[in-house]
Each structure stands twice: as structure tokens, then as C-alpha cells.
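A.B. asks: just need the structure, nothing else, for what follows:
(one chain, ligands or ions: 1)
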Amino acid sequence: MDIDSQNRKQFEQEGYLVVRNLITGSDLSELDRMTDLLLDGKLTPETGYKGWMPDHFYTFWEPEMKDRTDKPRRERVRLMSNMFHHHPYFKAIGSHPAIYQVISSLFQSGVQMFSDTVFMKPARHGIEAGLHQDTSFWPKLKPNAMNFWLAIDPATIENGCLHVIPGSHTVDLRHHDHPIQGNLLYEDEVEIDKLISIEMDPGDGIFFNSGLVHKSFPNRSDHSRRAYAAVYGAENLRHLEPWKLSTLAEDTPDYNFELIDPPAGAR
Ligand SMILES: O=C(O)CCC(=O)C(=O)O
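C.D. replies: Here you go, the predicted model:
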């Protein structure tokens, strides 16, 4: 999609931009297939990163589901992350031309990638992701990083689609520690009645400033809700504070932003 000044204005003022039908056809079916293989534990890392490699990427489990091996693996997973350093498919999807084009137009620069995540919300027992700003997970950057979130299944109010507070991206708000999620916003920091739902069809994507307050509710439906997400930075991104991550375990390598190759003809 060509980004025009109206789209850029919306992104700057509201902190997000929804692009319908961003990934389509065989690219979407391949993402669907690879996501299931990943969730089922059937993909293993193919490339090392700074001398280190997790067995099955990073897997975070739904509460009390890790050892419930009577259930299929994919129904026990909450999220899996940091695949793109370790697997060529995830490197390729993260730098898909349709995604790259929107991000480079919004940043008006080349693009760096920091992380990728498959967010699973299993039918009936997928729990909520509470209100947060992703900027709370890493030290200050200028400009702010950009989040991308793509529906692989229909994302509805019933199955826990993303909710955002438009315009909430300009101020860093106070968070507290949370045992499952890491960081959670104090609710009195925000005007909760301004929260809106972003329902999506498979292949629709949302790009949002990492400071945008967002959440997703539990899955109350009979269908699981899968999403592919990634975090990007502008080519000229500056770290205003020493880089230290709070999301991953101590023994992990120092993940950081890395320039990705522009697709042919993109620049
Ligand atoms: O997919 C979800 O349920 C949560 C997504 C989220 O919190 C994020 O993209 O930062």
C-alpha cells in the first residue's frame, strides 16, 4: 500500500495505522502453515545468533498449561518469540515487501528489526494481555520503535482482538511488574473509556507506535486466535539510554535492532 500524507498524519496523531489485506494469497497461507508448525514445536532453529540457540525458540505458556501434555502443544502456548534470528522463513516474513514498504514510508528511512512474536490465544482459555505500552520493555529510543501486528485468524471482540487507546503514544506511563506479562500499566494512568477494539480479518495488519497503550481480552470463543507481530526501528534510531532488556531471561544473548535488507526496488 502506498502511504500518503493522510496515513502519516493518522499515524502521528493517533499512534496507529490499520492496513487491510496487507498479506494475502500464498504468502498468507504459508504464514498460517508455518505458524502452526512453530506452535506445534515442529520447527527448530536453523541459524545461531551470537553463539546461542534456544531449542524451540522462546516459548511462553498459558498459565498452568506447560505440563498439560494431554493437550496439543499449540493449545498450551501463549506466545513464541525471537524466531527471525534463528530461522530463514521468519527473517523473510519479517522483511516482507508489503510490511517493509509501510514501515519505511512511515519512518521515511531504512528499517531495522528487533524482534518477532507469534501471539496465540487458545480457544476458551487464552488469557488477556493487560494494558501496556511496549516502550516500557526497553530503554528510551528516538524515534520510538514501531510495532506491527497481523491477524492470521479473524480477530474479533469475542476471541480477544487488539484494543488500543488512540493518541496515547506520546507519554511514557507508569507500569508495574506482572508475573506473566512483565509490565502492566496502572489503570488510573489512562482514560479507559477511550479504549477501542480493532477487529481484523486474516491478512489485515496494524502498525503502531510502541508507546501506544493497548491490550487484548481473554478468548471467550471456540476458536483460537493467532497473530504474527514484530518490532521495528528507523535506520537512524538512537539509544538515549544504555540498552538493557527486561523481557527475556538473563542467559539470553543481547538482542538488539538490526538493519534489514530492503526488498528489491524498495529504495
Ligand atoms: O496479541 C495479543 O494478544 C497481545 C499483543 C501485544 O500485546 C503486543 O503486540 O504487544
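A.B. asks: tell me how far residue 22 lies from residue 41.
C.D. replies: According to C-beta to C-beta, to the nearest Å, residue 22 and residue 41 sit 28 Å apart. C-betas here are computed from N, CA, C, even on glycine.
A.B. asks: ditto for residue 256
C.D. replies: Separation of residue 256 from residue 41 (C-beta to C-beta) stands at 27 Å.
A.B. asks: sorry, back to before: and residue 22 and residue 41? Which one has more around it.
C.D. replies: Neighbours were counted for residue 22 and for residue 41 using other C-beta atoms under 10 Å; residue 22 has more, 23 against 16.
A.B. asks: distance of that one relative to residue 52?
C.D. replies: Here residue 22 is placed at a distance of 32 Å from residue 52 (C-beta to C-beta).
A.B. asks: mind listing the strands for the stretch 101-250 of the chain?
C.D. replies: According to DSSP state E, counting those that start in this stretch, the stretch 101-250 of the chain carries its strands in the segments 111-121, 129-132, 141-142, 146-151, 162-164, 175-178, 182-185, 196-198, 205-209, 214-216, 225-234, 238-239.
A.B. asks: mind checking those strands for the one nearest to residue 104?
C.D. replies: strand 111-121 (5.3 Å; C-beta to C-beta).
A.B. asks: any idea how far that closest one is from the chain center?
C.D. replies: 4 Å (C-alpha atoms, centre = their mean, to the nearest Å).
A.B. asks: sheet partners, orientation included, of it?
C.D. replies: Applying DSSP bridges, strand 111-121 is found paired with strand 77-81 (antiparallel), strand 225-234 (antiparallel), strand 258-259 (antiparallel).
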